[in-house]
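**Q** Fold the stuff below for me.
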Amino acid sequence: MPVDVRLPTVLRSQAGGQASVPVDGNTIGDVLRTLVGEHPGLKGQVLTNDGALHKFVNVYVNDDDVRYLQSLDTPVKDGDEISILPAVAGGMGATAEG
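**A** Coordinates of the predicted model:
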């Protein structure tokens, strides 16, 4: 069953410049393993060496963060939209006060 995996600009070069890729799988883990199998340059960006979800990437199924669902075991179905987004880190910087 194909699901649509949407890639951010920073990862598109590893997938032939595509903004989205149809990928088969029954769970997020299946989909991501298939994705990195087809586009090996994404492996270190999405999954760790031991196959876990990289801590600096967020994965959503239809706008729901998989970390709050069943992580890699989250089921997916035909027509679901999966978004991969790099985590944005930062903090409070110095503020200008008048």
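**Q** And the spatially closest residue to Q18 that is not a sequence neighbour, how close does it get to S20?
**A** With sequence-adjacent residues excluded and distances taken as CB to CB, 6 or more residues apart in numbering, Q18 is closest to R12, at 6.2 Å. C-betas here are computed from N, CA, C, even on glycine. Using CB to CB, to the nearest Å, one obtains 9 Å as the distance from R12 to S20.
**Q** From what I see, the residue nearest to Q18 and A19 are in contact.
**A** Yes: between R12 and A19 there is a contact at 6.2 Å, judged by CB atoms under 8 Å.
**Q** any idea of the mean pLDDT for stretch 78-95?
**A** On average, the pLDDT along stretch 78-95 is 77.
**Q** again, but for stretch 26-41
**A** Mean predicted confidence for stretch 26-41 is 95.
**Q** Now do the phi/psi pair for the most centrally placed residue in the chain.
**A** Centrality entry for the chain: nearest residue to the mean C-alpha point is I84, 2.7 Å, by CA atoms, centre = their mean. Phi and psi for I84, reported as degrees, to the nearest 10, are phi -110, psi 120.
**Q** hey, where'd the helices end up in the protein?
**A** Assigned by DSSP state H, the helices in the chain fall at 9-12, 28-38, 43-46.
**Q** starting at the chain centroid, how far to the first one?
**A** Read that as helix 9-12. 11 Å (CA atoms, centre = their mean, to the nearest Å).
**Q** That one packs against which elements?
**A** strand 81-86 (3 or more CB pairs under 8 Å, 6 or more residues apart in numbering; DSSP states H and E).
**Q** How about the last one?
**A** Helix 43-46 makes packing contacts with helix 28-38, strand 57-61 when contacts are defined by 3+ CB pairs under 8 Å, 6+ apart.
**Q** May I see these organised as TSV, with mean neighbour count and distance to D4 added?
**A** Converted to TSV, the helices and strands packed on helix 43-46 look like this (neighbours: other CB atoms under 10 Å; distance: least, CB to CB, whole Å):
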stretch	mean neighbour count	distance to D4
helix 28-38	19	10
strand 57-61	19	11
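**Q** Of all the ones you listed, which one is nearest S71?
**A** S71 sits nearest to helix 28-38 of all the helices and strands packed on helix 43-46, at 7.2 Å, using CB to CB.
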